[in-house]
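Colleague: All I have is the shape, not the residue letters:
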């Protein structure tokens, strides 16, 4: 699969145009997924811990939890990467033999996604990062500066 075509198709499906604000992107993702999306920074988590961000999903809402970093662009990329997985419809593989003893308080689907994220060379991860880069460029190109983007990314 050509990642450029997939990324273009994913962006086109959002119907946001060539430039958009962070708020417009979040609203489009919420509409598409038909559920609320919350974005939360965990101040005790650092990108130095090896976990930059994770997407948690329930039947009612999606939650992107991201690590604290002093770099605005780095934080943006954490969140946009997770949004890209949502936009691309990347699903969690069912693996009944997942290591539940490592993280017993975290649902099995979330554990599998966390552990799978350590391999950043998969086609799914490369595609998500490509889309995140495209989204970042579109947001930077937006003329509107006052939005939740400033609240989240400083």
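Modeller: It's in. Small disclaimer: the values here were computed from a predicted structure and weren't measured.

Colleague: Spatially nearest residue to residue 52, not counting backbone neighbours?
Modeller: Nearest residue to residue 52, sequence neighbours excluded (Cβ to Cβ, 6 or more residues apart in numbering): residue 78, at 4.6 Å. C-betas here are computed from N, CA, C, even on glycine.

Colleague: Next, the one you found: secondary structure please.
Modeller: Three-state assignment for residue 78 (DSSP: H, G, I helix; E, B strand; the rest coil): helix.

Colleague: Tell me who's in contact with it.
Modeller: Residue 78 sits next to 47, 52-53, 66-67, 69 when contact means Cβ atoms under 8 Å, 6 or more residues apart in numbering.

Colleague: Next: residue 14.
Modeller: Neighbouring residues of residue 14 by Cβ under 8 Å, 6+ apart: 25, 28-29, 32, 87.

Colleague: now with 6 Å?
Modeller: Going by Cβ atoms under 6 Å, 6 or more residues apart in numbering, residue 14 touches residue 28.

Colleague: repeat for the one 10 residues further on
Modeller: By Cβ under 6 Å, 6+ apart, the contact list for residue 24 reads residue 16.

Colleague: Just the contacts of residue 78: which are in strands?
Modeller: 53, 66-67 (DSSP state E).

Colleague: Between these, identify the one with the most neighbours.
Modeller: Across the ones in strands among the contacts of residue 78, neighbour numbers were computed from other Cβ atoms under 10 Å; residue 66 holds the maximum, 25 neighbours.
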